[in-house]
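# the following comprises the amino acid sequence and a computationally predicted model.
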Amino acid sequence: MISATYDSKVQDHDVIRKLSEHDVICHDCMQKILDDVDKTRV
């Protein structure tokens, strides 16, 4: 997967880490990941 983010918390998310360079993720799924990451921010 190619991602246009430098946010290390997003890059370290379990789902993102398991994706290969050939995987595709939909907008809704990416938003869920961003929401999960935002919950962990202090």
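Structure received.
# which ones are touching residue 28?
Contacts for residue 28 (CB atoms under 8 Å, 6 or more residues apart in numbering) come out as none. C-betas here are computed from N, CA, C, even on glycine.
# that one: helix or strand, and which one exactly?
Assigned by DSSP states H and E, residue 28 falls within helix 27-40.
# quick one: average pLDDT of that helix?
Averaged across helix 27-40, pLDDT comes to 94.
# please point out which parts of it sit buried.
Residues of helix 27-40 classed as buried by neighbour count (16 or more other CB atoms under 10 Å): 30, 33, 37.
# so who does the first one touch?
By CB under 8 Å, 6+ apart, the contact set of residue 30 is empty.
# on that earlier part again, so what's the gap between the helix holding residue 28 and the chain middle?
Averaging C-alpha positions (CA atoms, centre = their mean, to the nearest Å) puts helix 27-40 7 Å from its chain's average.
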